[in-house]
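Give the three-dimensional model of this entry:
(chains A, B, C and D)
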Protein chains: 4
Amino acid sequence: MKVSIVYHSETGNTKKVGEIIAKGVKKVEDTEVQCMSIEEVDKEYIEDSDVVIFGTPTYAGSYSWQMKKWLDTCKLKFAGKIGSVFATENYLGGGADNAELAIISELLVKGMFVFSVGSSKGQPYTHFGPVCIKDGTEEQKERAEIFGQRVAKSAKELMNR
Amino acid sequence: MKVSIVYHSETGNTKKVGEIIAKGVKKVEDTEVQCMSIEEVDKEYIEDSDVVIFGTPTYAGSYSWQMKKWLDTCKLKFAGKIGSVFATENYLGGGADNAELAIISELLVKGMFVFSVGSSKGQPYTHFGPVCIKDGTEEQKERAEIFGQRVAKSAKELMNR
Amino acid sequence: MKVSIVYHSETGNTKKVGEIIAKGVKKVEDTEVQCMSIEEVDKEYIEDSDVVIFGTPTYAGSYSWQMKKWLDTCKLKFAGKIGSVFATENYLGGGADNAELAIISELLVKGMFVFSVGSSKGQPYTHFGPVCIKDGTEEQKERAEIFGQRVAKSAKELMNR
Amino acid sequence: MKVSIVYHSETGNTKKVGEIIAKGVKKVEDTEVQCMSIEEVDKEYIEDSDVVIFGTPTYAGSYSWQMKKWLDTCKLKFAGKIGSVFATENYLGGGADNAELAIISELLVKGMFVFSVGSSKGQPYTHFGPVCIKDGTEEQKERAEIFGQRVAKSAKELMNR
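Below is the predicted model:
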């Protein structure tokens, strides 16, 4: 099963968290994963993926306009895939939850099956995706990695892959 | 594949729309569907279902507190299932989109794979689920039925059932 | 009292609705109003305004990335002003409610007092701002004009202007 | 100027945070404040208030059904008042932002002017209201108190009281 992680990152924080999530994904047997900036995506790899995980910094309590522009204009077919989201923010309460939900509303319009693990696998919980303050405390990084693993494992189970 | 439709309905409108969606689900081969009020749910049937579709009236621009109470206290395991949502409202712009997204945020926490079809199958579009004014115009009823059919079909494809 | 209406419009629909709202604002004594595209705003006029009303088309179930980019990067001081929102969409259920709420979440971060009239003045209701399909049916246009008038009147009352 | 703080609290955490916010409100000259559980509100005091601040625990990533029931059924007139929100959650990322935004969407429908301070007064920021983990760390408590003071001060300025 192929997994794509697509992020927008200005400072490098969101990129780093994406790479941590990728580590978690790779722990699941028979998966491969590619981490991509919106500035240079491998379109073919994304279209071949069963799961796409989107990452954004938080701007003004929501996701970055660059991420929104990319989603609105990329013309990739996401329908029928599993979609998940993660976000970084500069301080607690910076609106990362809202940034995640705002992307999720677009993924639903694109016809994705949106999954955030939530509280369904016990601690650490991820509503509505993992959040890291900057590039994450040790605990936040661990949560991001577990999230990657859980998303990949749950997707495989659901799709009987 | 079993599909559950669970609704809260005071006036009967949301119930009627649930039954229309059920008609759409039944058009897909090898599916069975049960429509239930939150006041008397068949817990076993829900737990056996691969897909659960939730319906609510719109109260003050969001979903009904009765639906929220039921979701918060029902103690059913929804994790790993496909979750979808529909809503009724009394007039255009009554907040049904927001009611749908508010339920969706809870389904994500419960670990569901949330799916609304969106614009992925062409017209009629359903962001973030079908909406009917009261029990629906003919066009809105048709959209609800198509939605039921599309959700069931897409779920079967995703899960290789 | 000065009122600014700031919109992004590609097809001209959102611009037209902004102008209808402006007509409503002007019906309130001692108000003046200016309608501006994000492509050429009168920054001084906006900073002198007590009320700023933001308009957007709906893209993929949310607001346009151009509007988001402008909000994220404009560096105008909106804190302490009244903020309101309107949206256009191409068909019923296109996500205009969600587009409005997404902008509202940013206005809150900027320190605005956000007001949508809602159901507080009787019909026509505007949750979470008026919505027009394309440039609006007659009924939708009338609602937009009444909204402009109500926002201006309520703002004056609140601020004792 | 009268300020009402209305909360739902099961464990006592949300009540405690409400009382901290009240301390902040009282620091502003010529204000008085009353803290009330939804189980016994002083309806007359609320209707006489210029500002109402609503507090909720986070249930399943959103606000409590009890708070929603109270808001849907209380029949108090909130139109034209300033409305603000705070929330408690049991752990970071528990969905308190979403709980706050969900209440905010209802306050807009009721015709309130919604205000969260956001990032407009410098640190500590409060998008979309203060959040405390349980009854709050020292830093979170301080933020809640500052929030109360800022809301009261900004409301007075806006209304020329």
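
Next, the buried residues of the host helix or strand of A:Glu44.
Here A:Glu44, judged by DSSP states H and E, is contained in helix A:43-48. In terms of neighbour count (16 or more other CB atoms under 10 Å in any protein chain shown), helix A:43-48 has its buried residues at A:Ile46. (Each C-beta comes from the backbone N, C-alpha and C, glycine too.)

Checking A:Thr14 next. Helix, strand or coil?
What DSSP: H, G, I helix; E, B strand; the rest coil gives for A:Thr14 is helix.

Same question for A:Gly94.
Relying on three-state DSSP, one would call A:Gly94 coil.

Please apply the same query to A:Leu101.
Taking three-state DSSP, the label given to A:Leu101 is helix.

Not counting its neighbours along the chain, what's nearest it?
A:Phe128 (5.5 Å; CB to CB, 6 or more residues apart in numbering or on different chains).

before we move on, the earlier item: ok, is the helix holding A:Glu44 in contact with chain B or not?
No - applying CB under 8 Å from any CB of the partner chain, one finds that helix A:43-48 is not in contact with chain B, the shortest distance being 14.2 Å.

was I right about A:Thr58 contacting A:Ala87?
Yes - if you go by CB atoms under 8 Å, A:Thr58 and A:Ala87 touch, sitting 5.7 Å apart.

From the chain's centroid, how far away is the helix holding A:Glu44?
16 Å (CA atoms, centre = their mean, to the nearest Å).

Other residues contacting that helix?
The contact list for helix A:43-48 (CB atoms under 8 Å, 6 or more residues apart in numbering or on different chains) reads A:2, A:4, A:6, A:34, A:36, A:52, A:76-77.

Up against chain C, what does chain A have?
A:59-62, A:64-65, A:68-69, A:71-73, A:95, A:98, A:102, A:105-106, A:108-110.

Quick one: buried ones out of those residues?
Buried by 16+ other CB under 10 Å: A:59-62, A:64-65, A:68-69, A:71-72, A:95, A:98, A:102, A:105-106, A:108-110, out of those.

got the buried residues for stretch A:11-27?
Residues of stretch A:11-27 classed as buried: A:13-22, A:24-26 (neighbour count, 16+ other CB under 10 Å).

So for A:Pro124, what's the nearest residue that isn't a sequence neighbour?
A:Arg143 is the one closest to A:Pro124 (CB to CB, 6+ apart), at 4.2 Å.

which residues in chain A form strands?
For chain A, strands defined by DSSP state E occupy the ranges A:2-7, A:32-37, A:51-59, A:62-63, A:82-89, A:113-114, A:131-133.

The first one: partners in the sheet, and parallel or antiparallel?
This means strand A:2-7. Looking at strand A:2-7 with DSSP bridges, its partner strands are strand A:32-37 (parallel), strand A:51-59 (parallel).

Quick check: which of these is nearest to D:Phe115?
D:Phe115 lies closest, by CB to CB, to one member of those: strand A:51-59, at 20.5 Å.

what is the orientation angle of the closest one with strand A:82-89?
20 degrees (axes from the mean of the first three to the mean of the last three CA atoms, to 10 degrees).

could you give me the average pLDDT of strand A:51-59?
For strand A:51-59, mean pLDDT rounds to 97.

try stretch A:32-48
97.

how long is that stretch end to end?
End-to-end distance for stretch A:32-48: 11 Å, by CA to CA, to the nearest Å.

just stretch A:5-17 next, same as before
Span of stretch A:5-17 from end to end, CA to CA: 10 Å.

which outside residues touch it?
A:18, A:21-22, A:25, A:33-38, A:41, A:46, A:52-57, A:64, A:66-67, A:70, A:86-88, A:130, A:132, A:134-136, A:141, A:144.

Mark which of the residues you listed are buried, thanks.
Buried by 16+ other CB under 10 Å: A:18, A:21-22, A:25, A:33-36, A:38, A:41, A:46, A:52-57, A:64, A:66-67, A:70, A:86-88, A:130, A:132, A:134-136, A:141, A:144, out of these.

For chain A, which residue gets nearest to chain D?
Nearest residue of chain A to chain D: A:Asp97, at 3.8 Å (CB to the nearest CB).

which residues of chain A score low on pLDDT?
Within chain A, no range satisfies pLDDT under 70.

Spell out which parts of it neighbour chain D.
Counting by CB under 8 Å from any CB, the residues of chain A near chain D are A:60-61, A:91-98, A:101, A:118-119, A:123, A:125-128, A:130-131.

please redo it, this time with the cut-off set to 6 Å
A:61, A:93, A:95, A:97-98, A:127, A:131 (CB under 6 Å from any CB of the partner chain).
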